[in-house]
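# The amino acid sequence is not available; the structure is as follows:
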């Protein structure tokens, strides 16, 4: 059976897209540093840094087909969540266990949970268990 989905391969990235990706990288790093500060102040119980992963994560989201592809993320995929559209305030709510966190209502490990609008699938925080689920 033929797959009728349209692909976006061989599409060049424009300069404005590159600039937007760079801004997302800076935002992710800044947010990551803020979460570390909250942890050191005793306001966030746990932190899982994504520093150094920003470009790869943002590039992977750029290749997704919005409204079609799904994301099987893991606990260090902060840049994925930001690039998909979650706000820094929504993400911080998960780290400080506040109402309004969109992935799990702040009832799970920060940055875990599901967000159907963005195609984010809930999974275990055990590393690499999402691979069989994604295949």
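Ah, there it is. Since the structure is predicted, the reported quantities are computational estimates derived from the model, not experimental observations.
# C-alpha from now on. contacts and neighbour counts both.
OK.
# Quick check: mean pLDDT of the longest helix belonging to the chain?
Longest helix in the chain, counting residues (DSSP state H): helix 15-40. Averaged over helix 15-40, pLDDT sits at 96.
# That helix: which residues count as buried?
By neighbour count on 16 or more other C-alpha atoms under 10 Å, the buried set for helix 15-40 is 21, 24-25, 27-29, 31-33, 35-36, 38-39.
# what's it packed up against?
Applying 3 or more C-alpha pairs under 8 Å, 6 or more residues apart in numbering; DSSP states H and E, one finds that helix 15-40 contacts helix 54-62, helix 78-84, helix 88-95.
# Can you tell me which of the buried residues of helix 15-40 is nearest residue 105?
Taking C-alpha to C-alpha as the measure, residue 105 sits nearest to residue 35 out of these, at 17.9 Å.
# could you measure the closest one against residue 98, distance?
Note on residue 35: its distance to residue 98, by C-alpha to C-alpha, to the nearest Å, is 14 Å.
# Tell me, how many residues neighbour residue 108?
14 (other C-alpha atoms under 10 Å).
# For residue 121, give me its contacts.
Listed by C-alpha atoms under 8 Å, 6 or more residues apart in numbering, the contact set of residue 121 reads 70, 71, 72, 73, 113, 114, 115.
# let's go with 7 Å and repeat that
Residue 121 makes contact with 70, 71, 72, 113, 114, 115, according to C-alpha atoms under 7 Å, 6 or more residues apart in numbering.
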